[in-house]
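**Q** generate coordinates for the sequence data below:
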Amino acid sequence: MNKYFKIITIAYLVFLGAVLGAGLFAGMVVAPVIFHTDIWLQSEVLSPFQEGVIMTENFVRLSYLIDILIVSVFLYEGYKYKKFERDMLTQIAALAVIAAGLLFGHYYLPDIVTMQLAGEEMTQASVFANTHKGSEINFKIFSFALLVLIVRNMQKACK
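**A** Alright, predicted model coming up:
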């Protein structure tokens with residue numbers, strides 16, 4: 001492995017880890033704080049709908065980073081594939097990251113934003129709840145696949 005590709009690999013792994021960390025932080029730290037503002041502010045300042053709008057904006061901004069990640073995974077893993085440095089687990093994880101990332105940013109988020117723009121009543125409908133649950137499951141798949149991709153690439157890089 002040449003010197004420049006090692007630097008690219010390190011940058012790639014750091015970027016994968018940063019995006020995974022940002023996603024986990026948004027879901028495990030930011031969401032519980034935003035959805036419980038009444039606890040932190042000692043009164044109900046924001047309605048659950050307003051809290052949801054704020055959380056959605058966090059995920060919209062995260063989706064920009066995920067789009068950059070998708071391109072990075074496609075280019076890096078595609079290059080490794082063309083160089084015949086491939087294994088099945090890495091390929092599956094890369095495809096899962098790409099597919100789940102695209103679903104998150106270009107299917108679930110636009111639907112959720114559209115429903116929020118339709119008003120508070122729409123966000124209380126079962127279609128919103130189902131879409132939201134689907135996005136949560138999709139994001140868990142994305143995060144797990146991203147973790148697998150990080151671990152597999154670190155194993156290869158440390159050889």
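**Q** what about residue 116, neighbour count?
**A** Neighbour count for residue 116, taken as other C-beta atoms under 10 Å: 17. The way it works is simple: take the backbone N, C-alpha and C, and place the C-beta from them, glycine included.
**Q** cool, the one 5 residues further on as well?
**A** The local packing of residue 121 (other C-beta under 10 Å) involves 10 other residues.
**Q** dump the residue contacts of it.
**A** Listed by C-beta atoms under 8 Å, 6 or more residues apart in numbering, residue 121 has no contact partners.
**Q** low-confidence ranges, the chain, go.
**A** Applying pLDDT under 70 to the chain flags the ranges 1.
**Q** what helices and strands are in contact with the longest helix along it?
**A** As assigned by DSSP state H, the longest helix anywhere in the chain is helix 48-82. Counting contacts by 3 or more C-beta pairs under 8 Å, 6 or more residues apart in numbering; DSSP states H and E, helix 48-82 is packed against helix 3-25, helix 31-34, helix 88-103, helix 109-117, helix 120-123, helix 126-157.
**Q** now the angle between helix 109-117 and that helix, please.
**A** Using axes from the mean of the first three to the mean of the last three C-alpha atoms, to 10 degrees, the inter-axis angle of helix 48-82 relative to helix 109-117 is 170 degrees.
**Q** the inter-axis angle of helix 48-82 versus helix 88-103?
**A** 140 degrees.
**Q** list the buried residues in helix 48-82.
**A** For helix 48-82, a neighbour-count test (16 or more other C-beta atoms under 10 Å) marks 51-53, 55-56, 58-59, 62-63, 65-66, 69-70, 72-73, 76-77, 80 as buried.
**Q** between the two ends of stretch 25-35, what distance do you get?
**A** End-to-end distance of stretch 25-35 (C-alpha to C-alpha, to the nearest Å): 14 Å.
**Q** other residues contacting that stretch?
**A** 40, 48, 51-52, 54-55, 58-59, 62, 139.
**Q** now it: buried residues?
**A** Neighbour counts using 16+ other C-beta under 10 Å place 26-27, 30-31, 34 of stretch 25-35 among the buried residues.
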